[in-house]
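A.B. asks: I'd like to go over a predicted model; first the sequence, then the structure.
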Amino acid sequence: MLNKYPMWKNLMVMIIIAVGSFYAIPNLFGEDYAVQVVATRGAEVTATTQSTVNDILASKNIEVKRSELENGQLLVRVNNGEQQLLAKEAIIESLGDKYIVALNLAPKTPQWLESMGGSPMKLGLDLRGGVHFLMEVDMGEAIRKMTEAKMSDFRTDLRGEKIRYAGIRNSAKGIEIKFRDEENLGRAERFLKTRGNDMVFRDISSGGNYLLLANLSEAYVKQVKEEALQQNITTIRNRVNELGVAEPVVQRQGAERIIVELPGVQDTARAKDILGATASIEFHMVDEKADAAAAASGRISPSSQVYNRRNGGQVVLHKAVMLTGDHIQGAQPSFDEYSRPQVSINLDSKGGSIFSNVTKDNIGKPMATLFIEYKDNGEKNPDGSIKMQKIEEVISVATIQARLGRNFVITGLEHAEAQSLALLLRAGALIAPVTIVEERTIGPSLGAENIQNGMQAMIWGMAVVLIFMLVYYRGFGLIANLALTANLVMVVGVMSMIPGAVLTLPGIAGMVLTVGMAVDGNVLIYERIREELRNGRSVQQAIHEGYGNAFSTIADANITTFMTALILFAVGTGAVKGFAVTLMIGIATSMFTSIVGTRSIVNAIWGGKRVKKLSI
């Protein structure tokens, strides 16, 4: 029988639309103003912290709608934006710098709906607001690290060639290598020049001092800076991925700066902790000949430096870096046999080879793990940029018991510190530190205005289309309008279901475009049905031929548009990707609703019946 769907097909249509509608529902509940508290530097957010925060807010007459402690994070919901700001200030003043306190927006989705996977769409930076960071790479530190590495290489290479030297130091002029006689200086210069063109060597001997000056070549300095910037961009992207941020923007600005935008982020405090506290580690040998007390008063070798230990006290380390964190491939928090927290480190092959060589000569000697962190100290520089405080702490000192290779552990940490350090190292160590020179929180007011304007454009556009379809196609126009409404609901539902999908302002434009494309399929079908009726076909034959013959045209047009959107998604970034995602989802749902959905309704009303006239 013509134009009759089997029961299973009608059920399939209803189930798909019902599922899409179900996952679109969370977007109706809105969001609460909230303050999020996350611990850092070894602290923990516990039930005691939660109670303290609640008492603080009560004393300030700030009503707490709900206080949630989950996964070591505290989320406190308040009534409005003014109370949100007051709550943040009060919590920061009370808890101190061991906690990161950040503004957030928490979905008001009921727990029963959340338990079934229901959550609202993630909104982009232009709609919801979010955090914008402008970060600057410390190129001076990158050059310093490379210079320290070259000094270490010179020592190893000259010993290997049995060339006697009196000392190697880093001066304002460059790396100075001192020799006892001219013969060894000449041998060293000839040998080192064969090691590559990264360095420029110059004999600066005078007055019986045999000195060879080595400087990084201009081309190599440029290469080091470019590699530092590119590696830091990759590292920051990895850290953002660890945070689970959807549709982030991480891109370079100029020669030394990186822009990071985190739209739709659910954990603003964690993002600021991980990105703002840019951490790395270095391994140094302990200077056993130095006395920490004497060194603190200035009596110390130029090749050593005093550092504070995290658990108290001081220790003197050699400035020479044995290994930096950029060779770390993996880092996992774990526990030793006595249930003490530790971080298990896995190095790449080059790092393993370096570590093996430097530790084989130092068995029985103490080695220190230096943790370097840059944190926002709440002050600003005269130019308005954020002043970052460099914190260097020795987190562990251990005696090298045997030659170490690619796998080893860092001990002496608290549990929370082990978790945080493992995440930072797993996401990649920074080849050079970065400092936040600008931090901008984009408030929800601008996003609300964008949403309002976008919604007005969609409502007016959809209203015009609905009126046109209803007037021009009458009963069939009403069916098309139902399909169009279902299409928008399904787009919202699918966007809510996909973890990485983010709705941006261009995404709203994509949804408006989808409205026109969705109804375009029905126009093609309805015009083909009219044509078949004019050619003398019966009503049932006209419906059958209209849907059957128009399908290939609709499919061709939509597939080519889908491929274009897919290319935009592959090569685009930020807002372009947001537009492409919405457009691809809209194309898929519009084909379903305009072809399968409307035919299911048409078949239910007119299919298999003796009908002489259609309302078309």
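C.D. replies: Now that the structure is in, tell me what you want to look at.
A.B. asks: Every contact and neighbour count from this point should use C-alpha atoms.
C.D. replies: Fine.
A.B. asks: Return the distance of the residue nearest the centre of the chain relative to residue 261.
C.D. replies: Centre of the chain computed as the mean C-alpha position; nearest residue by C-alpha atoms, centre = their mean is residue 240, 1.8 Å away. Separation of residue 240 from residue 261 (C-alpha to C-alpha, to the nearest Å): 10 Å.
A.B. asks: try residue 232
C.D. replies: From residue 232 to residue 261 the distance is 15 Å (C-alpha to C-alpha).
A.B. asks: So which of the two has more stuff around it?
C.D. replies: When neighbours are counted by other C-alpha atoms under 10 Å, residue 232 and residue 261 differ, and residue 261 comes out ahead with 25 against 22.
A.B. asks: Work out for me the element residue 363 sits within.
C.D. replies: Assessed by DSSP states H and E, residue 363 sits outside every helix and strand.
A.B. asks: Let me see the contact set for it.
C.D. replies: Counting by C-alpha atoms under 8 Å, 6 or more residues apart in numbering, residue 363 touches 399-403.
A.B. asks: Of these - the most surrounded one?
C.D. replies: residue 400 (18 neighbours).
A.B. asks: before we move on, the earlier item: now, which of the contacts of residue 363 lie within strands?
C.D. replies: Per DSSP state E, strands hold the following members of the contacts of residue 363: residue 399.
A.B. asks: shaky segments in the stretch 351-500 of the chain?
C.D. replies: 374-388, 412-413, 417, 420-421, 423-431, 442-447, 500 (pLDDT under 70).
A.B. asks: so where do the strands sit in it?
C.D. replies: With DSSP state E, counting those that start in this stretch as the criterion, the stretch 351-500 of the chain has strands at 366-380, 386-399, 407-410, 434-442.
A.B. asks: Not counting its own residues, what contacts the shortest one?
C.D. replies: If you take C-alpha under 8 Å, 6+ apart as the criterion, strand 407-410 is touched by 342-347, 352, 369, 396.
A.B. asks: one step back: state the helix or strand in which the residue nearest to the centre of the chain lies.
C.D. replies: Counting by DSSP H and E, residue 240 is part of helix 218-243.
A.B. asks: so residue 204 makes contact with residue 185?
C.D. replies: No. Judged on C-alpha atoms under 8 Å, residue 204 makes no contact with residue 185 at a distance of 10.6 Å.
A.B. asks: So for these two, which residues contact both of them?
C.D. replies: Overlap of the contact sets of residue 204 and residue 185 (by C-alpha under 8 Å, 6+ apart) consists of 210-212.
A.B. asks: most neighbours, which of these?
C.D. replies: Counting by other C-alpha under 10 Å, top hit in the shared contacts of residue 204 and residue 185: residue 211 with 24 neighbours.
A.B. asks: orientation of the helix or strand where it lies relative to helix 218-243 in degrees?
C.D. replies: Element membership for residue 211, per DSSP H and E: strand 210-216. Orientation note: strand 210-216 sits at an angle of 50 degrees relative to helix 218-243 (axes from the mean of the first three to the mean of the last three C-alpha atoms, to 10 degrees).
A.B. asks: what's next to strand 210-216, contact-wise?
C.D. replies: By C-alpha under 8 Å, 6+ apart, strand 210-216 touches 147, 173-182, 185, 189, 198-205.
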